[in-house]
Each structure stands twice: as structure tokens, then as C-alpha cells.
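> Sequence unavailable; structure follows:
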């Protein structure tokens, strides 16, 4: 007899199915399509030569250790390097406050595993990062979306959400994925205070913090929380769990990210990781440390900023030129994405179907909405495509939008 | 106010705590202790030079792809290579039947995620692999242990367990971790039939299958199930999910393993992996493919076998010479572990305390028992230590055992 597998699955995965959007996006993998749909860094800025040298160095000097099983917490010198980097921003941490994860997606998954019981509420921005929703849906989370504007989460609307008693607040304060907006300093301070008032922890997801192309650096939530609590020369033990990654600074194909948290939370995460995958690849951690230890990443990030800034500028200029006046969009000061807003009754999934025929693609915004809505929104990535490709792609997309708006009379 | 984190954790991790055994094993990390406690491959057999060349080759030729995000399923040429390897054992699969995971521990975790509802029963061997128990406890599994003897799981005792309606049977048929025993061909066939009769899937965990030092290869459960179902030139779609890994053949520090399963199960696992860590490090997959593609691993495994066989032989000889007659042990035909059985009322955790004072260590057997018991058992690893170190360590352990037995009069 055939095994009827579909009746063997656990509750948590029964609902999982490939979404309509994912099916549409598969079409965008055809090589002749210009896709602004992915969230890929530009391979042009991967430090391949430095990485090559580091691989050889590590294998020549630490081959036996770098290829062996290692501790769940992560490679100690790498955690020390991250602690030093964090201290630059006035947040004092030790390696015991740091866990290396197999990419930030694993850190998000662990937030779900460690904190979310079925039915727990999580405060998220609207829109928010798709990967977090995907990870936490599996643990039965319910989401409380808080609206955003050009200055990030509208913190005045947060208090009502906090009175529901959520497990934590999830927020991407810098150049948010998907919207590209940045939380203002004033709102950051208000957020820290409100979270403290209601005793609700904050999960700060900061993959793009280093990728600012204009304007002044704004302190992270973990830094502001440290300041708010008056930690002075003490190790951070506040209300914020901070996530970041080497995916955007070095390369995503290594799957290396980190969590900063109070030590007791790290200990729980370490036990979780032990059951999940034992540890992140030792070799990758050794190599990332070798590439980063001499301060190379500080120089390298300047190269990335220059490349992405140009691409962002080209995309914004082209949109100004080619998009119909009924369409609006954000103007990110950094990161990899911007957010388009179509006329109210226009459906971006329908636009995508026509756009694919014209060989250009993006991600419809509904995917980033925890509780529905956002049909008239779209996410565009500007980091991956070359300036010329961006020009051509935005031209195609502009023509598509103009045509559809003219045909259907949206306004 | 301080955040009271301990009240924020989800049910599934509330019970997690560092075990007494783990605390004891921490003591064994002191450099002057001879530890038979870990499950480490010998770094002497890591193919560092081949790995170094492959890293350079991959970065020279595929840098942009190998450092980029990639598909969740895994690198296609690597999955093709695994499919070809699998076909040698008369199991026909395509890359669509294969998922690359971040080590076998992740595959075990996914078995839990995808199949186990709180309270579900899982049939395991007694003793069984600690990492599986750890992974599945988080999903609220209940375990039905089936006893083992020198021929592996006592399959005659399995039928009663199957009538309880378990989600799946978990078994390590080759050179089992921890006991070192191998399931006989006759029992394998009986197991396939019983599983089919009751419609209960089998999760076959086979990290050591290639590491046989004597005796004839016995077909895997997935091969026997394929034969039993009369698949002939058809793609495998039977009742067994098969797990294996590059950790023992190449190196564990890369975290590379794979799952073979019917395509619909792979699709579910892929969706699960998307939320868990997006994909396994692309670079590691490219490099493993480069190292393996020309048939290098077939030659390399012979080297590993020779090294481990010598170590096993030395350990067995020394135990024969040094251990008191009241102690018994298994004689594995392969793998990395053997299993010691002390007199009935002797507690191996107590032995460990004394052994650590004498600078030698092992893992007490209780850790491998799903529902308690096994206080008088111990796991010894023979792959990691050099023959001389094994001689010295077993001498120390023998003295410790003789002393304790003489003192307490166990028999």
C-alpha cells in the first residue's frame, strides 16, 4: 500500500502551501525577465578575492578545527569581533551575549520557537518582513499590525496594541524590508519607553543598518535601550533582542548571522540551536572572522554603499520619469528596497501578471501584510540589478502601469 | 524594570535545561582528559588539501553564485550526485526526492516539525540517538522504546509498539549510535513488512553506513523497501525516509547532510526549511560537490575505514586486557561507537565522576534512553583518539572499573 503521507503531517505544517505569489515569482526566474522581486545583494560587491585568501589561510592554519564539530554558541573570536563592533555603538556586550545563527532567518525562527505559544500576539509593522511572518505562522502566532508612514511605525498607534499583551514587538527600524522607510529618532525613543512601560520585549531586526546612503546614522533600539536604562560600563541586559547578519556585508551564501540578547536568553537560544542544527558551519565562521578581523569590512561597506546608492538613485530617477502620476513610492535613505503604492483599487498581483508578459517583475505587497490588505502595494529591489537593467526594467514597468491605469481608469 | 524573560518563554522550551550529564561532560573538555565521550570524526582524515583546492576552484569559477542566496532544496548538481550514489544501491531517485540540510541534526528536527503533534508516539530503539530525542522532545513526542540486542532492534517486540499507532519508527540500522550494533538482514526484512502491515513510516538514519570495517554490506531499509514494493525502473515513493550526511565522509564542520523521501514529503520539508533557515550555505554545497564529483570520496572512505578499524581494534583489545570480567561490551562491525554494560546495579554516572579524576571520560548510557533506564551502560567513541591515546585511556578506565567493582562488590 502507498503511505498516505498527507494524513501523517503535524498541525503546524498542514496549512503550509505554496502561495499564489510564490507561483508567480517562479515565472520571474526566467533569464530574460528583469526581476526587482528578489532580495539579493549584488554579486558585483562580493569580496571574492578576500574570501578566497581567507579560505586558504584557514585551511592551512586551522584545518582540523575549522572542519570539525564546534560549539553551539559559535566561534569565540568571531563573537568577540561582533562584541567589539557592537561596543562602537555604546552597547557593551560579551561573547556570552552573542549567538551565531545560520542566517537571520534562523534567528527569526528561534524567536518563534523560544517565545511563541499557539495564539500568542506579536506586534509587527504593516507592512513587515515576509520571512518573519512565515517563520512565526508555524508556531501559531497571531499578528497585531501597526501602521507605518515615511518615518516608520506610527508609534502613537502602538500603545493600543501593547495593551493586548503581545509576546514581543518585531521591528526593522532601518530601511525596512519591504517599505524602505526608517524609524525616526523621536519614535525610537518613544518605542523604548512604551515597551518598558508595558514590559513587552522588542526584537530589533537590523540587516541593513550599515547600508545608509544619505542622512545621519540613527542609534539602534538596543543602543537607545542601553542608554535609557543607564547602563554605564555594564554588560547589556535590557529589553531588546538585536538581530543582524553578514549576508549584506560579506555574502549571503555563507549563512552567517547573529543574535545579541541578555545572557539568559542566549542560553535558551543555545539549547534550542542544539536540537535544531547543533551549530553553524565552523568553516564559514573561521573564514568570516579571517575576512573581517583586520577591519576589512569597514572599507568594504563603503564600496557596497557607493554601488547601491547609484542603483537607488537610478531607480528613483527612472520612476520619476516613467511612472504615471497616480503611483507613489518611498525614497529610502539606505537598504535594498523601495515600496510602490498604486491607486487604491488597483491590484498589484494583476499588474504583476501583465508585467511578466513585458519581462519585468516585483513582489506584490499583500505578501508583507500580516492580516491581509495592501493589494495596491509592491516591493521593488534596487540592489541586485545594474543601473542599465534598472533603467530598462523601470521603463517596462512604467509603460505597464500607465497602460493599466489608462485602461481601467484608476485614480 | 528588568524584563522577566523566564515568564516569556514558550511551553516547548520551558522544560529545557542543561542536563547533569552535560555538566559532567563539560569537565571532560579539559585538555588533559582523554575523552571517549564526544562523537567526533578524526581530524587526521579530513581531506584538507582537496577541500582547499575545491574552495579556490569554486571561488574562481562560480564565486558569484556560490556566495549568493540559492534555492531551498539545495544545489542541483550536488543532489544529482547524491541521486547517482543512491542508485548504486538499487534505489532510484531524482533530485526532487532529495533535500540538502544543514547537518543531519536539522533533518531530525524537520522530522519533528513536519510529523510530530504534541503527544504523538515515536518508536525508537533502546538505546537510541540522543540528538533525535532532544529534537523531538521539543515537539512534545512520546517515545515507545523497543529493546535491542547484538543484532539491533528486536523486531519481534516491534509489533506491539506498532499497535499503539506511532507517527513513525526511528532506527539507525548500521553501527548504531550509541550501541554500535547492526540490524540483521532478516530483521530488516521483517521490519519493512511490519511497517507496511501497520502503515507506519520508517525514518532510517544512516550516518555511518559507509564506515564498515568487516563483514558484508547489508542493504539499507530504503533499498529493501524499494525491492519489497517491486519498484523497477520507477522513482522511489515508498514508506522510508532516509537520512545521511557528509559529516563522516568529508567533514562535520561544513554542516551538510541530506534527506531522501517521496517527492511530496520533500515538498513539505522544503517549505519547512524556507521558514527555518532559507537554505543551507551555498558555498559549502558547491565545494562538497567539487570535492566529491570525480569519485574522490570512494577512495577517501577507504582511508577513513583503515584508520577507524585500527582504533576500534585497539580499543577492543585493550578492553579485553584491562576491563574486569564483570563488564561486557559490543563489538561493532563499523561506525564510531561501542557500548559498555556494567554490572546491573552499578551507575555509570558515578563511574564517570571517578573516571574524570583519573582523566578519562565517556558518556553515561542513561542519556540515550528515551524513557529512563540504562544506568549501568556507557558509550565509548573510538574514532577520535589515536591508538596510543586509546591504550592509555582504556587502561585508566579499566583501573577505575576494577577498583569500583572491588570496592562495592558488584557482580
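Received the coordinates, thanks. Worth saying up front: this structure is predicted, and the values here are computed from it rather than measured.

> contacts, neighbours, all on C-alpha from now
OK.

> Please, where are all the strands along the stretch 101-250 of chain A?
Using DSSP state E, counting those that start in this stretch, the strands of the stretch 101-250 of chain A run over A:121-126, A:142-149, A:152-153, A:168-171, A:202-205, A:240-245.

> So which residues make contact with the fifth one?
Translated: strand A:202-205. With contacts defined as CA atoms under 8 Å, 6 or more residues apart in numbering or on different chains, strand A:202-205 is touched by A:168-173, A:195, A:221-222, A:239-244.

> buried stuff in stretch A:347-358?
A:347, A:348, A:349, A:351, A:352, A:354, A:355, A:356, A:358 (16 or more other CA atoms under 10 Å in any protein chain shown).

> contacting residues for the fifth one?
Applying CA under 8 Å, 6+ apart, one finds that residue A:352 lies in contact with A:361, A:362, A:363, A:364.

> out of the strands of the stretch 101-250 of chain A, deepest packed?
strand A:152-153 (a mean of 26; mean count of other CA atoms under 10 Å in any protein chain shown).

> Determine how far that one lies from the middle of the whole chain.
Distance, stretch centre to chain centre, for strand A:152-153: 15 Å (CA atoms, centre = their mean, to the nearest Å).

> Where does the stretch 251-400 of chain A get nearest to chain B, which residue?
residue A:253 (4.0 Å; CA to the nearest CA).

> Give me the neighbour count for that residue.
Applying other CA atoms under 10 Å in any protein chain shown, we find 25 residues neighbouring residue A:253.

> can you give me phi and psi for the closest residue to it other than its chain neighbours?
Residue nearest to residue A:253 in three dimensions, not counting chain neighbours: residue B:67, with 4.0 Å by CA to CA, 6 or more residues apart in numbering or on different chains. Backbone torsions of residue B:67, given as degrees, to the nearest 10, read phi -100, psi 0.

> picking that back up, dump the contacts of residue A:352 to TSV, plus neighbour count and distance to residue A:72.
Compiled in TSV, these are given as follows (neighbours: other CA atoms under 10 Å in any protein chain shown; distance: CA to CA, whole Å):
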residue	neighbour count	distance to residue A:72
A:361	30	40
A:362	24	38
A:363	26	36
A:364	26	38
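
> Out of those, which two sit at the greatest distance?
A:361 and A:364 (9.3 Å; CA to CA).

> rewinding a little: of the contacts of strand A:202-205, which pair is most distant in space?
Across the contacts of strand A:202-205 (CA to CA), the longest gap, 20.7 Å, separates A:195 and A:244.

> related to what we said a few turns ago, the residue of the stretch 251-400 of chain A closest to chain B contacts residue B:278, doesn't it?
No - the pair formed by residue A:253 and residue B:278 falls short of the contact definition of CA atoms under 8 Å, at 10.5 Å.

> How about stretch A:366-375 and chain B, touching?
No - applying CA under 8 Å from any CA of the partner chain, one finds stretch A:366-375 separated from chain B by no less than 14.3 Å.

> and residue A:340, that's in a strand?
Yes - per DSSP: H, G, I helix; E, B strand; the rest coil, residue A:340 lies within a strand segment.

> Please tell me how far residue A:401 sits from residue B:404.
Counting by CA to CA, to the nearest Å, the gap between residue A:401 and residue B:404 amounts to 83 Å.

> So which of the two has more stuff around it?
Legend: neighbour count by other CA under 10 Å for residue A:401 and residue B:404, higher for residue A:401 (23 against 16).
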